[in-house]
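Asker: I would like the atomic coordinates for the input below:
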Amino acid sequence: MANVKWSVDPTHSEVQFKVKHLMITTVTGYFQKFTAEAESEDENFNGARNIVFTADVNSISTNNEQRDTHLKSADFFDADNHGEVRFVGTSYENVGGNDYKLHGDLTIRNITKPVTVDVEFGGTVVDPYGQHKAGFTVTGKISRKEFGLTWNAVTEAGSVVVSDEIKLQAEVQLVKQS
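Answerer: Residues are numbered from 1 along each chain as shown. Down below sits the predicted model:
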């Protein structure tokens with residue numbers, strides 16, 4: 001097969017981020033609206049290219065409306081001026097078995113930085129409706145401050161409210177396009 005195009009199946013995918021709050025617990029957030037596309041030479045994703053992911057900042061959900069509003073504000077994502085998070089892959093490297101490194105450029109708040117995430121390729125399958133699907137688990141970490149998300153506060157005891165490190169996790173199911 002040459003030049004196989006794939007698009008995300010949003011019903012069977014999720015994109016989340018995790019951040020330490022008060023340095024003692026972890027808060028999880030989700031992007032509820034996102035897209036992902038890729039091209040490959042075969043169904044094993046060798047030679048994968050044109051990997052693009054976007055997330056709608058206004059779709060952030062942490063299960064707390066007040067916190068979500070704060071995350072969308074100029075203190076964090078500034079959704080009114082920067083409504084999209086974007087990742088464009090530059091290379092997809094097999095590091096053994098089903099494990100890959102996906103290198104690319106991540107843009108948040110119009111600041112673009114190179115990042116590398118770990119990808120576990122779950123394989124491909126034909127679903128009951130005849131659709132060819134591929135599954136991936138994506139994990140990584142970024143510094144939020146490198147992308148201009150610098151808001152913080154200090155507690156009376158001297159602890160920071162929000163950690164700099166953000167953990168990324170995505171379960172992605174792609175559908176082969178005809």
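
Asker: now the helices for the chain?
Answerer: 65-72 (DSSP state H).

Asker: Where does the prediction get shaky in it?
Answerer: Scanning the chain for pLDDT under 70 picks out 1-2, 153-160.

Asker: Which parts of it are strands?
Answerer: In the chain, the strands defined using DSSP state E lie at 4-8, 14-21, 25-31, 34-40, 49-56, 60-61, 84-96, 99-108, 111-126, 132-143, 162-176.

Asker: Take those and write them to a markdown table, including mean neighbour count and distance to Thr150.
Answerer: (Glycine included, C-beta is placed from N, CA and C.) Converted to a markdown table, those look like this (neighbours: other CB atoms under 10 Å; distance: least, CB to CB, whole Å):
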| stretch | mean neighbour count | distance to Thr150 |
| --- | --- | --- |
| strand 4-8 | 18 | 30 |
| strand 14-21 | 18 | 13 |
| strand 25-31 | 15 | 18 |
| strand 34-40 | 19 | 24 |
| strand 49-56 | 18 | 20 |
| strand 60-61 | 18 | 18 |
| strand 84-96 | 15 | 16 |
| strand 99-108 | 18 | 12 |
| strand 111-126 | 15 | 11 |
| strand 132-143 | 17 | 10 |
| strand 162-176 | 18 | 9 |
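
Asker: what's stretch 36-49 in contact with?
Answerer: 1-8, 13, 50-54, 89, 92, 94, 100, 121, 124, 132, 134, 172, 174, 176 (CB atoms under 8 Å, 6 or more residues apart in numbering).
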